[in-house]
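S.K.: any chance you could fold what I've pasted below:
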Amino acid sequence: MANVGVYREPGAAGGLPLPRARLVPFTVVVALLAAIAIAFSPILLALVGHSLAGAWMLFREGGLSMWLLLLLDVVVPVAVAAMGAFVLRGKSVPPGFLFGAAAVPFVVTLLGAWSGQRMVMGAIMGESVDPEQKARILAEGIAESMSVDIFGGFVVCGAAIVAAVAAASALATIDVASITRAGPKPPSVGVVGASVAGALWLVATMVLGVMRMRIAGGAALLPVLAVLVLVPFAALAGRGASVLRAWHDRTEASRCAGALVVAALSALLAVLALQRGVESSFTARAFSAISGESIDPSQRAMILGEAIEAGRLATAAYLVHFVLGTATFGLALVPALGSGRHPMTASAILAGAIGVVLLASTFALARARTAAPRELAAHGSAAPRGITLPVMVATFSDKSAGSAGGDPITVAKDGTGDGDLSKSTSCSARQRATIYADGAATLAMVMARLPRPDACATNIVFVATRNHPPDVDARLGDYAAYLGTTAYFSASLEPPAPAKANETTDDTTATTTGGDAMRVRSVADDAIEIDGARVTLPIPASASTGSASGSRVSRISYAFRPTDTVAHAIQTMTAVETLHTERISSYSLERVITVDDGTLRAPPPGSLGEPHALPFGSGVARSKNGALRAGTVQVNGRLPTEVIQRIVRQNFGRFRLCYELGLRTNPTLQGRVATKFVIDRSGAVSAAADAGSDLPDRAVVACVVKAFEALSFPQPEGGIVTVVYPIVFSPS
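M.R.: Reported below is the predicted structural model:
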């Protein structure tokens, strides 16, 4: 039987016996593993993405790094297998080169993830970025950068398994029988110890995978495959290592022991990189979900909670791989140590140094990602300098979700600030304002900077600071920052119902539209009335259950006093909509705010002019008989239907003004107005037209269509969105 040296040319002194009959099978195994590794990464990416389309989406999100990793997925396993063949045949190829080649995709993965992390952090630091959007941008950016972690982890795992098997085979192919035929039997501690530790490693990995399957899915079992491949080769290498201590050439024996160290490092790189890719897939899926525009804070909290639960055993998984993986290959190496033999060759030391650098870089990236939500919290405040925004009581009501839009107006607690629409001479159908008011500022100060509501219909957005429930903060930790720290209370600003001639009234909320409305009035600094029932503020935490009973509500009319503070207004809206959560449809609430200073009186007869000549937003007395109901909405594009419905319903006050205009000339007017409008890439309505309305008053139809042009929506994810929105008008 012909022999060749393990690290030396055939026939050289000191060469260990290596039968060609064993060389060929191990060489074939290494080549097959290289071929499998090339297909391994795309297949696992499709498994994690749940489909080829999902895999392509993950691949596309990773950008240039993914294409480079795809190239390395083909090149590196082939290169490692080729070098492994030389190592097996005793050529002068340092085993450390195997580990170095397998580490190249990991370096690319870390660089790609670092680049993505820096880009997204730069994006959320921009002053012009809406604070509530920063959480979504950060979550989406980290999800995209983790796509590189996922695919990179799979590529590294395949290449490192080939390297580990090739390096371990340098010892597994030693003809132990021929060496010990005439001598003492070598110790079996290597093969037995490696087999026992490997079995424990495999069992522990399977147990952890099964425990996590309920939350994390089948991907939690992927590390089992890698361990299943590596353990047999560790045991075979332990058998070959048993003859090294007694081998007459110490240098040759040390080089073989160094090869086993490289095999151990490659095995740990393979399993830890795969585990990291699996963990990244859990987190990336959660972050991608919470970055959606239509996800409210309660859903985000639930998704993040599930992600934390899925990653709860991640530390245990890493420890199992590190401890038991090291034990498996360490016990295989034990028989080779002693009598001047040692594994600390230059090749093994180089591989170890590379491993330490990779480990430190991985920890640094993990720390940067952990610090990202803290950076978000530090830069996520919407408060302008010198203004303390009112604080929203802990609640997850999606009625406080939204975004800033229109002209920004700041109001300090002394009434000073920037932005003033009160002197506007024309009433634009697009009149909108975002109010950044100090919590101590009064509503009279705010109203002084807005057009008179009896002269121009105005949509306003009060900006507040969002506090999370204490139990949520405790459960999510730093992840709670992804829920957002800003609340937006949007409403239509409308005048109180003017008193009839020669009549006064204290009912400042006489703007209801039927049984689907709720009337709320501020009666004291610490009290409000909800449909006549007095409620003391603040409401206790035990009341935050949405347990109040009653009919469904689609409209809430809030009547405040001029002396009420902005903080009181936010507290009132939060309390009402928390107490009555179950009565309010998720996306159908229309919020109306009136501030009654007692100066509005009935308009003189005939002052309203002809209906067809009346511009949208002009002062119109509100009828008590008009009722609006949305029909079936048709949406073509990537913007959730419920988001569109919510925003349109919030602006029902505009459409009601149009309808009441028609009711003045025809008290029985009823019918359907269908409007087709286009939402452009910025979220603005670029065009609106009649889509087959049957309401007989064309002036009302034209008014409603024009009102749709004033709406503003979130930016669609993929181009423009076309909507057909019908509204049915009828007298109560």
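
S.K.: helices or strands up against the one helix or strand residue 155 maps to?
M.R.: Residue 155 belongs to helix 131-172 when assigned by DSSP states H and E. Packed against helix 131-172 by the contact rule (3 or more CB pairs under 8 Å, 6 or more residues apart in numbering; DSSP states H and E) you find helix 20-48, helix 52-61, helix 64-88, helix 96-124, helix 222-241, helix 250-290, helix 346-379, strand 486-493. Where you see a C-beta, it was placed from the backbone N, CA and C, and this is true even at glycine.

S.K.: adding mean pLDDT, mean neighbour count and distance to residue 330, write the ones you listed out as CSV.
M.R.: Converted to CSV, those look like this (pLDDT from 0 to 100; neighbours: other CB atoms under 10 Å; distance: least, CB to CB, whole Å):
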stretch, mean pLDDT, mean neighbour count, distance to residue 330
helix 20-48, 80, 18, 22
helix 52-61, 68, 16, 36
helix 64-88, 86, 20, 21
helix 96-124, 84, 21, 17
helix 222-241, 87, 24, 10
helix 250-290, 83, 25, 7
helix 346-379, 80, 16, 13
strand 486-493, 82, 24, 53
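
S.K.: look up phi and psi at residue 640.
M.R.: Dihedral angles phi and psi of residue 640 (degrees, to the nearest 10) take the values phi -50, psi 140.

S.K.: what is the burial count for it?
M.R.: 17 (other CB atoms under 10 Å).

S.K.: got it, and residue 314?
M.R.: Using other CB under 10 Å: residue 314 sits among 18 other residues.

S.K.: got a pLDDT number for it?
M.R.: Looking at residue 314, its pLDDT stands at 86.

S.K.: quick check: closest non-adjacent residue to it.
M.R.: Nearest residue to residue 314 in three dimensions, chain neighbours excluded: residue 279, at 5.1 Å (CB to CB, 6 or more residues apart in numbering).

S.K.: what residues does that neighbour make contact with?
M.R.: 311, 314, 317 (CB atoms under 8 Å, 6 or more residues apart in numbering).

S.K.: now these as JSON lines including distance to residue 635?
M.R.: Output for the contacts of residue 279, formatted as JSON lines (distance: CB to CB, whole Å):
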{"residue": "311", "distance to residue 635": "35"}
{"residue": "314", "distance to residue 635": "39"}
{"residue": "317", "distance to residue 635": "43"}
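
S.K.: select, out of the helices and strands packed on helix 131-172, the one closest to residue 171.
M.R.: Closest approach to residue 171 among the helices and strands packed on helix 131-172 (CB to CB): helix 222-241, 3.5 Å.

S.K.: now the angle from the closest one to helix 20-48?
M.R.: In terms of direction (axes from the mean of the first three to the mean of the last three CA atoms, to 10 degrees), helix 222-241 departs from helix 20-48 by 170 degrees.

S.K.: does anything pack onto helix 222-241? Which helices or strands?
M.R.: Checking 3+ CB pairs under 8 Å, 6+ apart, helix 222-241 ends up next to helix 131-172, helix 189-216, helix 250-290, helix 314-333.

S.K.: for the last one, which helices and strands make contact with it?
M.R.: Of the remaining helices and strands, those touching helix 314-333 by 3+ CB pairs under 8 Å, 6+ apart are helix 189-216, helix 222-241, helix 250-290.

S.K.: and that helix, what's buried?
M.R.: Buried positions in helix 314-333, judged by neighbour count with 16 or more other CB atoms under 10 Å: 314, 317, 320-321, 324-333.

S.K.: could you find the closest non-adjacent residue to the residue most central in space within the chain?
M.R.: The chain has residue 287 as the residue nearest its centroid, 2.1 Å off, counting by CA atoms, centre = their mean. Closest residue to residue 287 apart from its sequence neighbours, by CB to CB, 6+ apart: residue 143 at 3.9 Å.

S.K.: for residue 527, same thing?
M.R.: Nearest in space to residue 527, with sequence neighbours left out and distances taken as CB to CB, 6+ apart, is residue 536 at 5.4 Å.

S.K.: okay, now that neighbour: neighbour count?
M.R.: By other CB under 10 Å, 11 other residues sit near residue 536.

S.K.: over to it: give its phi and psi.
M.R.: Dihedral angles of residue 536 (phi, psi; degrees, to the nearest 10) stand at phi -90, psi 140.

S.K.: isn't it up against residue 529?
M.R.: No: checked against CB atoms under 8 Å, the pair residue 536 and residue 529 is beyond contact range at 10.9 Å.

S.K.: got the CA positions of the lengthiest strand in the chain in PDB?
M.R.: Determined from DSSP state E, the single longest strand within the chain is strand 721-731. Only the C-alpha atoms of strand 721-731 are listed here, as PDB (Å, rounded to 0.1, in the frame of the first residue of the first chain):
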ATOM      1  CA  VAL A 721     -52.200  54.800  -5.700                       C
ATOM      2  CA  THR A 722     -55.600  55.200  -7.300                       C
ATOM      3  CA  VAL A 723     -58.700  55.200  -5.100                       C
ATOM      4  CA  VAL A 724     -62.400  55.200  -5.700                       C
ATOM      5  CA  TYR A 725     -64.100  56.400  -2.500                       C
ATOM      6  CA  PRO A 726     -67.900  56.500  -2.400                       C
ATOM      7  CA  ILE A 727     -69.800  58.400   0.400                       C
ATOM      8  CA  VAL A 728     -73.500  58.100   0.900                       C
ATOM      9  CA  PHE A 729     -75.200  61.300   2.100                       C
ATOM     10  CA  SER A 730     -78.700  61.200   3.700                       C
ATOM     11  CA  PRO A 731     -80.700  63.400   6.000                       C
END
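
S.K.: helices and strands around it, which ones?
M.R.: Contacts defined by 3+ CB pairs under 8 Å, 6+ apart place strand 721-731 against strand 626-630, strand 634-636, helix 641-650, helix 652-663, strand 671-679, helix 698-708.

S.K.: follow-up on the earlier one: got the helices and strands packed on helix 222-241 as CSV, with distance to residue 581 columns?
M.R.: CSV is the format used below for these (distance: least, CB to CB, whole Å):
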stretch, distance to residue 581
helix 131-172, 21
helix 189-216, 28
helix 250-290, 21
helix 314-333, 35
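
S.K.: which one of the ones you listed lies closest to residue 466?
M.R.: Ranking the helices and strands packed on helix 222-241 by proximity to residue 466 (CB to CB) places helix 131-172 first, at 8.5 Å.

S.K.: that closest one vs strand 486-493, what angle?
M.R.: Here the directions of helix 131-172 and strand 486-493 differ by 150 degrees (the same axes, to 10 degrees).

S.K.: quick one on the thing from earlier: out of the helices and strands packed on strand 721-731, which is closest to residue 302?
M.R.: The minimum distance between residue 302 and the helices and strands packed on strand 721-731 falls on helix 641-650, with 17.2 Å, by CB to CB.

S.K.: what about that closest one, distance to the chain center?
M.R.: Relative to its parent chain, helix 641-650 has a centroid offset of 23 Å by CA atoms, centre = their mean, to the nearest Å.

S.K.: which parts of it are buried?
M.R.: 642-650.

S.K.: give me the distance from stretch 461-481 to the chain's centre.
M.R.: Per CA atoms, centre = their mean, the centroid offset for stretch 461-481 relative to its chain is 16 Å.

S.K.: contacts only, for residue 205.
M.R.: 223-224, 227, 317, 320-321.

S.K.: hmm, try it at 6 Å
M.R.: Listed by CB atoms under 6 Å, 6 or more residues apart in numbering, the contact partners of residue 205 are 223-224, 227.
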